[in-house]
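**Q** Here is the input, now give the coordinates:
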Amino acid sequence: MSQISDNIFLVGVMGAGKTTVGRLLAKKLGRRFIDSDHEIEQRCGVKIPVIFEMEGEEGFRKREAQVIDELTQEKNIVLATGGGAVLLPENRQHLKERGVVIYLRATPHELWLRTRNDKGRPLLNNNDPRGTLEKLFTIRDPLYRETAHHIIDTGKPNVSQLVNNLIMQVELSA
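**A** Okay, the predicted model is just below:
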């Protein structure tokens with residue numbers, strides 16, 4: 001089995017593949033997979049867009065910070081974070097100090113292609129979702145880079161190859 005001893009936390013803009021990659025990665029490493037957005041939905045009993053509608057982004061980010069603080073204290077997990085998890089300094093600190101952070105990087109165009117038909121993403125429910133993704137990428141890319149121990153480009157390989165490359169990169173640096 002793998003030599004990776006730390007938790008693995010996946011960060012990146014929505015559509016980067018955090019949940020898809022995280023599930024396969026957890027399976028290959030024999031770990032529990034957690035998606036922080038799904039965890040928030042379970043705890044609240046409603047979907048993320050409803051939380052945004054009722055509490056705004058600020059209310060959602062407070063809930064997200066509490067969940068990330070709790071989840072990053074677990075052991076032997078693969079955690080897929082929400083795209084905006086890196087916006088709060090305390091989240092970046094908890095992620096960086098409590099595990100190996102992998103930034104799944106994709107270009108704004110790739111992100112748009114992956115998310116353009118998804119109506120469950122509140123920040124993209126506007127007249128210019130592509131422009132929104134470009135703005136989010138510009139704002140968040142430096143924060144993902146600051147937080148990440150490793151950066152993996154998600155553009156070319158299939159998910160299985162991507163996960164194998166990710167495992168090799170993290171093992172080599174362990």
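**Q** Now do the end-to-end distance for stretch 112-128.
**A** By C-alpha to C-alpha, to the nearest Å, the extent of stretch 112-128 from end to end equals 10 Å.
**Q** what about the longest strand in the protein?
**A** Using DSSP state E to define each element, the chain has its longest strand at strand 100-105.
**Q** Can you give me the buried ones in that one?
**A** Along strand 100-105, these residues count as buried under the neighbour rule (16 or more other C-beta atoms under 10 Å): Val100, Val101, Ile102, Tyr103, Leu104, Arg105. Any C-beta I mention is one placed from the backbone N, CA and C, and that applies to glycine too.
**Q** One more: stretch 118-131?
**A** Within stretch 118-131, the residues that count as buried by 16+ other C-beta under 10 Å are Arg121, Pro122, Leu123, Leu124, Pro129.
**Q** Check the second one and give its pLDDT.
**A** Read it as Pro122. If you check Pro122, the pLDDT there is 67.
**Q** Quick one: list the elements packing against the longest helix along the chain.
**A** For the chain, the longest helix by residue count, based on DSSP state H, is helix 48-71. On a contact count with 3 or more C-beta pairs under 8 Å, 6 or more residues apart in numbering; DSSP states H and E, helix 48-71 meets helix 36-44, helix 89-98.
**Q** Reformat the ones you listed as TSV; add mean pLDDT.
**A** Below are the helices and strands packed on helix 48-71 laid out as TSV (pLDDT from 0 to 100):
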stretch	mean pLDDT
helix 36-44	96
helix 89-98	96
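**Q** contacting residues for the closest residue in space to Arg116 that isn't next to it in sequence?
**A** Nearest residue to Arg116, sequence neighbours excluded (C-beta to C-beta, 6 or more residues apart in numbering): Pro129, at 6.6 Å. Residues near Pro129 by C-beta atoms under 8 Å, 6 or more residues apart in numbering: Trp112, Thr115, Arg116.
**Q** Alright, calling it a day.
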